[in-house]
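Chemist: the following comprises the amino acid sequence and a computationally predicted model.
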Amino acid sequence: MSAVDFARALAAHPEGVMMAVWAVPGASRTEVSGLHGDAVRVRVAAPPEGGRANRAIITLFAGIFDARVDMAAGTTSRKKRLLVERVSVEEAADALSRATKAGCLLCSRRQEVSVPARKPTAADLKKFRALLEEEQSRLSAVLKAHETEIEEARLAETSADRDADPENADAGAMRYEMQKELAVDLNARDILAKVGYALGRIEAKTYGICEDCGNPIPKARLEAIPYTSLCVKCASARR
């Protein structure tokens, strides 16, 4: 499925992205399997007892987004809401699309162990370099556009603050919009820095090797998050 499709299940949040999830129990493995209405459908292998299914879902998405994930609502329901920190809607939708195409084999520790990892080949490195350079160009364009939008919002807020009408709600609404733009800007700069670092690792011939444990990062994980420098296990340990 495309990033546009997955965007239907995502909403911007001051701390990142709020994601609607629909859990389907009794699966042979835990994976994203498309959409259920306006929610991301997740097949869950772990039983619900003791919160095991919820933990499996959180681990799955933490691996996909390479970010902290918390369950905001729906701990006892199939319909859940997850907060993904410091990720934009665009970035989250893109990661979901890539992870689905990659089969989500990267996203649980059990799956990571069962899929032998190897160092990227020359062909792999060429492909990942192209992906990273494309992402670098896209994020640079996003940041440039946001600089203009933030400046326009700042000027509009200044104008609204001068309005003496106590019933005027424009200033508060504009301030909220500017805060959202600043949050998106911060997310984009963070990802852009990671992309630049990943390109440097390609040049240093260390790309695809986990910085913490020294083991190869599974190819499926790199396809979902090409700028990652950690395997799922080490990324989870850092959180």
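Modeler: Looks like it arrived, so ask away. Numbering: from 1, shown residues only.
Chemist: the bottom helix or strand of the chain by mean pLDDT?
Modeler: In the chain, no helix or strand scores lower on mean pLDDT, DSSP states H and E than helix 109-114, which sits at a mean of 42.
Chemist: give the next helix or strand downstream of that one.
Modeler: Following helix 109-114 in sequence order, the next helix or strand is helix 122-161 (DSSP states H and E).
Chemist: can you pull the phi/psi pair for the residue nearest the centre of the chain?
Modeler: Taking CA atoms, centre = their mean, the centroid of the chain lies closest to Phe65, which sits 3.2 Å from it. Main-chain dihedrals, Phe65, degrees, to the nearest 10: phi -90, psi -10.
Chemist: hmm, it is touching Ala93, no?
Modeler: No - under the criterion of CB atoms under 8 Å, Phe65 makes no contact with Ala93, lying 10.8 Å away. Where you see a C-beta, it was placed from the backbone N, CA and C, and this is true even at glycine.
Chemist: tell me the pLDDT of Asn54.
Modeler: Looking at Asn54, its pLDDT is 90.
Chemist: which secondary structure element is home to the residue lying closest to Ile57 once chain neighbours are set aside?
Modeler: Excluding the flanking residues, the one nearest Ile57 by CB to CB, 6 or more residues apart in numbering is Val42, at 5.8 Å. Using DSSP H and E, Val42 sits in strand 39-44.
Chemist: where in the protein is pLDDT low?
Modeler: Within the chain, the stretches with pLDDT under 70 are 102-117, 150, 153-154, 156-185, 238-239.
Chemist: for it, longest strand please?
Modeler: Longest strand in the chain, counting residues (DSSP state E): strand 16-25.
Chemist: output the contacting helices and strands for the following helix or strand past it.
Modeler: With elements assigned by DSSP H and E, the helix or strand that comes after strand 16-25 is strand 31-36. Contacts defined by 3 or more CB pairs under 8 Å, 6 or more residues apart in numbering; DSSP states H and E place strand 31-36 against strand 16-25, strand 39-44, helix 52-65, helix 89-101.
Chemist: what's in contact with the third one?
Modeler: It stands for helix 52-65. 19, 21, 23, 25, 30-32, 42, 44-48, 68-71, 75, 80, 82, 84, 87, 91-92, 95-96, 99, 104, 106-109, 221, 224-225, 232, 235-236, 239 (CB atoms under 8 Å, 6 or more residues apart in numbering).
Chemist: kindly give a single ChimeraX line that selects the buried subset of those.
Modeler: In ChimeraX, a selection of the buried entries from those looks like this (16 or more other CB atoms under 10 Å):
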select :19,21,23,30,31,32,42,44,45,46,68,69,71,80,82,84,87,91,92,95,96,99,104,106,107,108,221,224,225,232,235
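Chemist: follow-up on the earlier one: tell me how far the longest strand of the chain lies from the chain's centre.
Modeler: 13 Å (CA atoms, centre = their mean, to the nearest Å).
Chemist: quick one: strands adjacent to that strand?
Modeler: strand 10-13 (antiparallel), strand 39-44 (parallel), strand 79-85 (antiparallel) (DSSP bridges).
Chemist: which of those strands has the highest mean neighbour count?
Modeler: strand 39-44 (a mean of 22; mean count of other CB atoms under 10 Å).
Chemist: quick one: distance of that one to the chain centre.
Modeler: 16 Å.
Chemist: ditto for stretch 47-57
Modeler: 21 Å.
Chemist: please identify the buried residues of it?
Modeler: Ala53, Asn54, Ala56, Ile57.
Chemist: mind checking how far the last one is from Lys194?
Modeler: Shown here: Ile57 relative to Lys194, a distance of 24 Å by CB to CB, to the nearest Å.
Chemist: what's the answer for the second one, then?
Modeler: According to CB to CB, Asn54 and Lys194 sit 28 Å apart.
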